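Trainee: What would the 3D arrangement of this be:
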Amino acid sequence: MAVIAVGLLGGFVAGLLNLFDTDSSLFEGDPPGWARIVGLVLLAVGLVVVFGGFVWLLRSGRYKRNAQSPLWALSWSRRWSLGRQVKGKAPVRDEDRPLLREVAEQMAGQRAHFVPFAGLIVTQFGQAFLQWAPFWSVMAAVLGIVGVLGLVATRRDERLAREFLRRHPA
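Mentor: I've put the predicted structure just below:
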């Protein structure tokens, strides 16, 4: 979360500076030396977080567990229905209990997938500093906002899934 907050602040600052830079076009600009350095650092940190996050997901078994989930055999509407039951937005049907537990266990562990996503957001902020143009600053801000909203929704769903698992033990 701290990585996203720092990236959001950096993108906001870059966007403000771009608004007052009359020499830059919509898509390309000439960044000052300090912005180029900040952009390269953010780009490098973002790439390390992305690749490190993917390696961590692979080595921890989280990626394989998700890829081999029996839920992939279900239709999208069926998975959506199971998710609504886990979140408490629909009544729980007893015949779905094993699948509901699988959904809840996956929802309870989905926060780990935000590590690579956070790296992509930081990489985009680095791009905004390197390109020094309004378009890239807006893209970084939009990605940052979407990332924060996604993290908030994920945390909420994670909490609801853990409550479901406590209420419906195996």
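Trainee: quick check: mean pLDDT across the longest helix along the chain?
Mentor: Assignment by DSSP state H gives helix 134-167 as the longest helix of the chain. Mean pLDDT, helix 134-167: 91.
Trainee: For the protein, give me the ranges with low pLDDT.
Mentor: Low-confidence segments of the chain (pLDDT under 70): 1-24.
Trainee: In CSV, list the C-alpha atoms belonging to stretch 143-160.
Mentor: C-alpha atoms of stretch 143-160 as CSV (Å, rounded to 0.1, in the frame of the first residue of the first chain):
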residue,chain,number,x,y,z
LEU,A,143,-3.7,3.5,-12.9
GLY,A,144,-2.9,4.6,-9.3
ILE,A,145,-6.6,5.3,-8.6
VAL,A,146,-7.7,2.0,-10.1
GLY,A,147,-5.0,0.2,-8.1
VAL,A,148,-6.1,1.8,-4.8
LEU,A,149,-9.8,1.1,-5.5
GLY,A,150,-8.9,-2.5,-6.4
LEU,A,151,-6.9,-2.9,-3.2
VAL,A,152,-9.8,-1.6,-1.1
ALA,A,153,-12.3,-3.9,-2.8
THR,A,154,-9.9,-6.8,-2.4
ARG,A,155,-9.4,-6.1,1.3
ARG,A,156,-13.1,-5.9,1.8
ASP,A,157,-13.7,-9.2,0.0
GLU,A,158,-10.8,-10.8,1.9
ARG,A,159,-12.5,-9.8,5.2
LEU,A,160,-15.8,-11.2,4.1
